[in-house]
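Student: compute the structure for the input listed below.
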Amino acid sequence: MKSLPLIFLLALLMIVGRNSVAENARPELRAFWADGFNDGYKTPQQVDQLLQRLHDAHCNAIFAQMRKRGDAYYQSHYEPWASDDTAHFDALAYLIEKAHAMNPPIAVHAWINTCAVGGDAKNPFNIVHLHPDWLSLDPQNADYDNEATKIDPGNPGAADWTFRIYLDVVRHYPNVDGIHFDFVRYGGPSWGYNPVSVARFNQQFGDRTDIRRIPGTDLPDPADPTWKQWRRDQVTDLVRKVFAHVMAINPKVIVSGSMIAWSDGPNNEEEWFTKSAAMNRVFQDWQGWLQEGCIDMACPMTYFQAEFHTDYQKDWAEFIKDHQYHRVATVAVGNWMNTIPQTLSLMQISRAPSVKGNLPYGIMLYSYAGTNASEEKPARGPRVFLNLQPEFYACLGQPSSYVAQPPFPTDALIPPMDWKLHPKEGHIKGFILTSGLDPVDGATVTLHRSGKTLTRIADGTGFYAFVNVAPGDVTLRVSAPGFAPQESKVVVTAGQVATVLFTLGGAAVPRTPSVLALYGSAAHIPAGGTPVRLEQVTVTIGTDTFPGNLYVTDVHGAGIRVRLAQPPTLPFQPGDVVSVVGTLASVEGEPAIDQATARLTDMRPLSALPAPTATTGQNLLAASATPGTLAQVKGRVTESSAAGFALDDNGTRIEVPLAGRKDFGVEATGFSVTSPAVGANVAATGIAVVATGNDKSRVVRLRLRDGNDVQTLPATAASFMQNPYLGGAALAVALTLPVTITLRRRGHFRK
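Tutor: Numbering: from 1, shown residues only. So this is what the prediction gives:
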């Protein structure tokens with residue numbers, strides 16, 4: 001055979017090279033998990049280095065652990081800062097800003113541990129100390145499962161707290177690309193015996209004689225099929241609840257999770273049900289979540305050592321690629337437990353098409369902090385020694401001593417998710433409550449359409465959801481023991497979330513149409529007060545900063561104070577949507593709903609909260625002013641003390657008491673505003689309500705929500721200064737802290 005001409009050979013090599021580059025440049029997710037137990041993002045310098053390494057490796061996403069175990073590397077409204085973040089560096093905000101500014105941009109997913117909460121034993125604000133009654137237990141009442149201390153998703157309080165953790169990130173970080181579940185499961189077959197969880201199970205299934213019990217107890221046997229499925233349902237309920245609310249608040253956010261892929265992978269769907277650890281040991285039905293569409297992306301943790309279990313990697317990779325349904329899944333590599341050459345070989349297996357020709361959505365690498373296992377031969381068994389070698393990041397994107405052709409020689413786009421960009425389905429969510437706002441746990445909700453039905457069981461908070469429902473008219477029917485059934489017609493719209501609330505047992509207190517209706521009857525409040533019920537009102541000031549109290553606003557922009565009969569188990573935040581029952585009464589001279597109970601029934605993005613209107617004290621005192629609106633006022637300080645200060649606004653006295661308020665953050669103990677000096681010009685923004693003073697004069701109180709709502713103006717300021725925290729994405733910062741302002745024509749400041 002004659003030799004090929006040199007020019008032809010060079011051309012052939014160029015074509016092969018271009019094809020190789022094109023193959024490696026195909027759209028795919030390329031990401032690292034960066035854990036919070038090691039350095040990676042805990043200072044600006046670490047973030048900058050992380051992003052540069054990802055850029056050099058041609059990666060396009062980072063999954064950063066923002067909650068390890070009941071702590072936070074971001075401004076959480078519920079949990080304490082991580083103990084190794086003493087400077088309270090908001091890693092998430094900085095990471096999003098810097099990652100999105102990269103060329104090309106890098107996506108940021110907030111990785112949040114779900115059930116694993118046992119962490120800083122010294123911090124009294126850790127959930128383990130605040131709510132030990134929420135922990136998952138074994139039948140002997142142990143709370144540590146040899147992996148972590150975990151909350152029990154079958155306990156409604158624990159599940160609701162965890163749900164709010166995820167939505168806290170979505171609401172306050174609108175530019176985050178995704179939220180990422182981890183440890184969204186039980187610790188093993190013998191866990192989940194929280195007393196409340198067991199009581200809920202027995203309430204639903206206690207009359208069943210086929211339930212196997214642990215001898216001598218009322219505890220279901222760990223292997224009982226109904227008990228196993230019930231625990232799967234609790235985990236799924238939590239995931240579905242988060243997903244449905246994310247779709248309502250910011251549908252662009254990707255919901256994903258680190259999923260269990262222990263031992264060898266299943267060869268088919270039947271083996272998924274019969275042999276997978278996810279289904280049978282920790283009750284995490286992530287395949288079911290993909291099929292239902294209550295997650296956008298599954299990220300199974302296929303961590304295997306190439307020396308011992310390359311076959312496991314191959315089997316799981318095949319199963320994952322062929323079982324993505326109408327969502328997507330990635331394949332992972334445990335680079336922390338392999339040498340760099342072994343990791344590269346496993347990456348090749350993970351990225352290759354399956355026998356059926358299916359590709360994964362992308363590849364995940366765990367972890368950023370462990371890039372090369374020890375190369376020393378162990379005497380026996382696997383090696384799992386964390387070893388950081390920066391060369392690994394570089395060799396992913398350029399030739400090195402490890403590889404001549406790197407796996408990521410060029411940048412690649414993250415594949416679009418068509419169901420998020422062009423949704424063809426809608427969603428339904430809601431709560432089922434009694435007239436007293438108690439949840440109807442275990443109520444059955446059936447969706448009817450054209451002879452077809454779909455059923456959900458309400459969780460411990462009364463929540464239910466149907467996600468990814470075809471557009472059109474449907475009927476919901478709710479039934480529960482002891483209550484008359486109810487039905488509601490619902491129109492499902494593609495890309496929208498319909499919220500449908502049910503009140504079972506009749507309304508002991510008729511629903512009040514609006515807050516304005518309450519003010520209409522406030523002048524005639526009887527001595528014992530008037531029972532009232534409000535639904536779907538939005539919290540503008542929460543119990544996190546005004547302990548024991550809320551301010552709520554209706555669709556007309558009118559607001560009113562709600563004084564709770566008991567402190568809430570979980571704090572209410574601005575943007576929470578609540579139903580309220582209580583008594584219309586006069587509290588400190590102003591109309592309020594007293595001795596009240598409030599129940600969370602929805603959440604809204606902070607951008608949906610009312611915008612302030614610049615006005616004067618005279619206008620706020622006018623009879624035509626809408627009570628409880630968000631207003632901006634200014635004036636000169638005439639009195640100042642630790643208890644508060646007073647302003648003069650063109651002859652109108654404005655009083656600003658500061659006592660009794662809590663600062664932003666769970667660890668704060670006082671209010672952040674310091675009374676300004678006498679003579680200073682001050683601008684203030686808050687909720688304006690009309691009351692009656694001790695001298696019978698009409699009073700307007702302005703409840704500030706945030707320390708940033710009090711600004712000192714220049715002495716020559718002739719016009720009102722706009723609060724910079726009330727614009728754009730920064731609105732989230734402004735809606736957190738209250739103080740009290742009182743406007744009065746005459747009289748003196750009173751605490």
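Student: every contact and neighbour count from this point should use C-alpha atoms.
Tutor: Will do.
Student: what residues go with each domain of this protein?
Tutor: Per the record, the chain has its domains at 26-419, 423-504, 515-606, 613-744, by automatic domain parsing.
Student: could I get the ones you listed as CSV with mean neighbour count?
Tutor: Shown next, in CSV, are these (neighbours: other C-alpha atoms under 10 Å):
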stretch, mean neighbour count
domain 26-419, 20
domain 423-504, 18
domain 515-606, 21
domain 613-744, 20
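Student: pipe the ones you listed into a markdown table and attach mean pLDDT per row.
Tutor: Below are the domains of the chain laid out as a markdown table (pLDDT from 0 to 100):
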| stretch | mean pLDDT |
| --- | --- |
| domain 26-419 | 94 |
| domain 423-504 | 97 |
| domain 515-606 | 90 |
| domain 613-744 | 72 |
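Student: could I get the phi/psi values of the nearest residue to residue 674 once chain neighbours are set aside?
Tutor: Residue nearest to residue 674 in three dimensions, not counting chain neighbours: residue 642, with 7.5 Å by C-alpha to C-alpha, 6 or more residues apart in numbering. Main-chain torsions, residue 642, degrees, to the nearest 10: phi -60, psi -30.
Student: check contacts around residue 642.
Tutor: 658-659, 674-675 (C-alpha atoms under 8 Å, 6 or more residues apart in numbering).
Student: name the single longest helix found in this structure.
Tutor: As assigned by DSSP state H, the longest helix anywhere in the chain is helix 225-249.
Student: other residues contacting the helix or strand that that one is followed by?
Tutor: Using DSSP states H and E, the helix or strand that follows helix 225-249 in sequence is strand 254-259. By C-alpha under 8 Å, 6+ apart, the residues outside strand 254-259 that reach it are 177-183, 243, 278, 284, 286, 295-301.
Student: give me that answer again for 6 Å
Tutor: Strand 254-259 is contacted by residues 178-182, 295-301 when judged by C-alpha atoms under 6 Å, 6 or more residues apart in numbering.
Student: for stretch 579-589, same thing?
Tutor: 529-536, 591-599, 691-692.
Student: what helix or strand does the residue nearest to the spatial centre of the chain sit in?
Tutor: Centroid-nearest residue in the chain, with C-alpha atoms, centre = their mean: residue 166, separated by 1.4 Å. According to DSSP H and E, residue 166 maps onto helix 156-172.
Student: which residues sit against that helix?
Tutor: With contact meaning C-alpha under 6 Å, 6+ apart, helix 156-172 is reached by 134, 153, 242, 460, 605, 732.
Student: do the same with stretch 484-497
Tutor: By C-alpha under 6 Å, 6+ apart, stretch 484-497 touches 248, 423-428, 471-479.
Student: give me the subset of those residues lying in helices.
Tutor: Those of those lying in helices (DSSP H): residue 248.
Student: distance of residue 354 from residue 451?
Tutor: Distance of residue 354 to residue 451, computed by C-alpha to C-alpha, to the nearest Å: 39 Å.
Student: now, which of the contacts of helix 156-172 sits nearest residue 359?
Tutor: Nearest to residue 359, judged by C-alpha to C-alpha, of the contacts of helix 156-172 is residue 242 at 27.9 Å.
Student: how about the closest one: what's its closest non-neighbour residue?
Tutor: Residue 242's closest residue in space is residue 163 (C-alpha to C-alpha, 6+ apart), at 5.8 Å.
Student: strands along the stretch 301-450 of the chain, start to end?
Tutor: Under the criterion DSSP state E, counting those that start in this stretch, strands of the stretch 301-450 of the chain are mapped to 328-329, 331-333, 362-365, 426-434, 444-449.
Student: tabulate these (a markdown table), appending distance to residue 665.
Tutor: Formatted as a markdown table, the strands of the stretch 301-450 of the chain follow (distance: least, C-alpha to C-alpha, whole Å):
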| stretch | distance to residue 665 |
| --- | --- |
| strand 328-329 | 36 |
| strand 331-333 | 36 |
| strand 362-365 | 33 |
| strand 426-434 | 28 |
| strand 444-449 | 38 |
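Student: tell me which of those approaches residue 407 most closely.
Tutor: Proximity to residue 407 (C-alpha to C-alpha) singles out strand 362-365 among those, at 11.1 Å.
Student: on contacts alone, who are the packing partners of that closest one?
Tutor: If contacts are counted by 3 or more C-alpha pairs under 6 Å, 6 or more residues apart in numbering; DSSP states H and E, strand 362-365 sits against strand 29-34, strand 331-333.
Student: now render those as CSV, adding distance to residue 567.
Tutor: Below are the helices and strands packed on strand 362-365 laid out as CSV (distance: least, C-alpha to C-alpha, whole Å):
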stretch, distance to residue 567
strand 29-34, 38
strand 331-333, 45
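Student: of all these, which lies closest to residue 714?
Tutor: Short answer: strand 29-34, nearest of the helices and strands packed on strand 362-365 by C-alpha to C-alpha, at 46.0 Å.
Student: tell me the angle of the closest one relative to strand 254-259?
Tutor: 60 degrees (axes from the mean of the first three to the mean of the last three C-alpha atoms, to 10 degrees).
Student: touching strand 29-34 from outside, list them.
Tutor: Here strand 29-34 makes contact (C-alpha under 6 Å, 6+ apart) with 59-64, 362-368, 414.
Student: got the contacts of helix 156-172 as a markdown table, with secondary structure columns?
Tutor: Formatted as a markdown table, the contacts of helix 156-172 follow (DSSP: H, G, I helix; E, B strand; the rest coil):
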| residue | secondary structure |
| --- | --- |
| 134 | helix |
| 153 | coil |
| 242 | helix |
| 460 | coil |
| 605 | coil |
| 732 | helix |
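Student: ok, and the closest non-adjacent residue to residue 340?
Tutor: Residue 340's closest residue in space is residue 372 (C-alpha to C-alpha, 6+ apart), at 5.4 Å.
Student: surely that neighbour meets residue 339?
Tutor: Yes - contact criterion C-alpha atoms under 6 Å: residue 372 and residue 339 qualify, at 4.7 Å.
Student: the stretch 551-700 of the chain: strands as residue ranges?
Tutor: Assigned strands in the stretch 551-700 of the chain, in chain order: 559-564, 576-587, 590-603, 613-614, 629-641, 644-649, 652-657, 681-692, 698-704 (criterion: DSSP E, counting those that start in this stretch).
Student: can you tell me which of those strands comes nearest to residue 110?
Tutor: So among the strands of the stretch 551-700 of the chain, strand 590-603 is nearest, using C-alpha to C-alpha, at 19.5 Å.
Student: which other residues reach that closest one?
Tutor: Contact with strand 590-603 is made by 560-565, 575-586, 691, as judged by C-alpha under 6 Å, 6+ apart.
Student: C-alpha coordinates for that strand, CSV please?
Tutor: Provided in CSV are the C-alpha atoms of strand 590-603 (Å, rounded to 0.1, in the frame of the first residue of the first chain):
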residue,chain,number,x,y,z
GLU,A,590,-54.6,51.6,67.0
PRO,A,591,-57.0,49.1,65.4
ALA,A,592,-55.4,45.6,65.4
ILE,A,593,-56.2,42.0,65.3
ASP,A,594,-55.5,40.8,68.8
GLN,A,595,-55.2,37.4,70.4
ALA,A,596,-54.6,36.2,66.9
THR,A,597,-53.5,32.9,65.2
ALA,A,598,-51.7,33.1,61.9
ARG,A,599,-50.9,30.3,59.4
LEU,A,600,-48.6,30.4,56.5
THR,A,601,-50.5,29.7,53.2
ASP,A,602,-48.2,31.0,50.5
MET,A,603,-45.0,33.0,49.8
